[in-house]
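Take a look and give me a structure for this.
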Amino acid sequence: LHPGPVAEGRPKALNTLGTFAHHPALAHAFFTFNGHVMRATTLTARQREMIILRTAALVGCPYEWEQHIIQGHDAGLTDRDIARVTFGPDAPFWDPPEAALLRAVDELVAQDRISAETWAELGKDLDTRQLMDLICTVGAYQVLARVMNSFELEVDDDLREY
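Residues are numbered from 1 along each chain as shown. The predicted structure follows:
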């Protein structure tokens, strides 16, 4: 497992935890995997949050989006960066590695694979482990979005207040 600090006064994601509480074995397996994605990834925090926010935007998951705006800020993303994530890889002012990162998310969500062109661009800056973490981060947050959207989870009150 990948324990992390619990910041006081931060949203607790109780609606998500409550949903997973219905299936403890699945919760354990998923949160172990998600723990790697969040805490043991080879990607930078900024890269991870760009990937998660772009995934949330593409699959239309407000809960995931709201939760990761906070974590995106923690990772150094500005409000402007976060707004540009919604416009994707062709938004102005992304540097080539960040544009390629967002393009990879778009391709994974739409086609379940990264194109050769995008793969070559990513390979200039990312090693094999980072590429695997990129793919698995998108997959983890697509699964989580499917759970949240299918169970119609409402954004927690403490998240709205944040």
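
Give me the residue at the spatial middle of the chain.
residue 52 (1.7 Å; C-alpha atoms, centre = their mean).

my read: it touches residue 137, true?
Yes - counting by C-beta atoms under 8 Å, residue 52 does reach residue 137; the two are 6.6 Å apart. In this view, the C-beta of every residue, glycine as well, is placed from N, C-alpha and C.

related to what we said a few turns ago, so which strand or helix has the residue nearest to the centre of the chain?
helix 45-59 (DSSP states H and E).

what about this structure, any weak spots by pLDDT?
1-15, 156-162 (pLDDT under 70).

quick one, helices of it?
Taking DSSP state H as the test, the helices found in the chain are 14-20, 24-35, 45-59, 62-74, 79-87, 96-111, 116-123, 128-150, 157-161.

For the third one, enumerate the helices and strands it packs against.
What it means is helix 45-59. helix 62-74, helix 79-87, helix 96-111, helix 128-150 (3 or more C-beta pairs under 8 Å, 6 or more residues apart in numbering; DSSP states H and E).

Measure how the second one sits relative to helix 96-111, angle-wise.
Okay, so that is helix 79-87. Counting by axes from the mean of the first three to the mean of the last three C-alpha atoms, to 10 degrees, helix 79-87 lies at 40 degrees to helix 96-111.

quick check: angle from helix 79-87 to helix 45-59?
Using the same axes, to 10 degrees: helix 79-87 against helix 45-59 is 40 degrees.

buried ones in helix 79-87?
81, 82, 84, 85 (16 or more other C-beta atoms under 10 Å).

related to what we said a few turns ago, kindly export the helix holding residue 52 (C-alpha atoms) in PDB.
Provided in PDB are the C-alpha atoms of helix 45-59 (Å, rounded to 0.1, in the frame of the first residue of the first chain):
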ATOM      1  CA  ALA A  45       2.800  15.600  -9.600                       C
ATOM      2  CA  ARG A  46       2.100  18.200 -12.300                       C
ATOM      3  CA  GLN A  47       2.100  15.600 -15.000                       C
ATOM      4  CA  ARG A  48      -0.200  13.200 -13.000                       C
ATOM      5  CA  GLU A  49      -2.700  16.000 -12.300                       C
ATOM      6  CA  MET A  50      -2.800  17.100 -15.900                       C
ATOM      7  CA  ILE A  51      -3.500  13.600 -16.900                       C
ATOM      8  CA  ILE A  52      -6.300  13.100 -14.400                       C
ATOM      9  CA  LEU A  53      -7.900  16.500 -15.100                       C
ATOM     10  CA  ARG A  54      -7.800  15.800 -18.900                       C
ATOM     11  CA  THR A  55      -9.300  12.400 -18.300                       C
ATOM     12  CA  ALA A  56     -12.100  13.800 -16.100                       C
ATOM     13  CA  ALA A  57     -12.800  16.500 -18.700                       C
ATOM     14  CA  LEU A  58     -13.000  14.000 -21.600                       C
ATOM     15  CA  VAL A  59     -15.200  11.500 -19.800                       C
END
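
No more questions from me, cheers.
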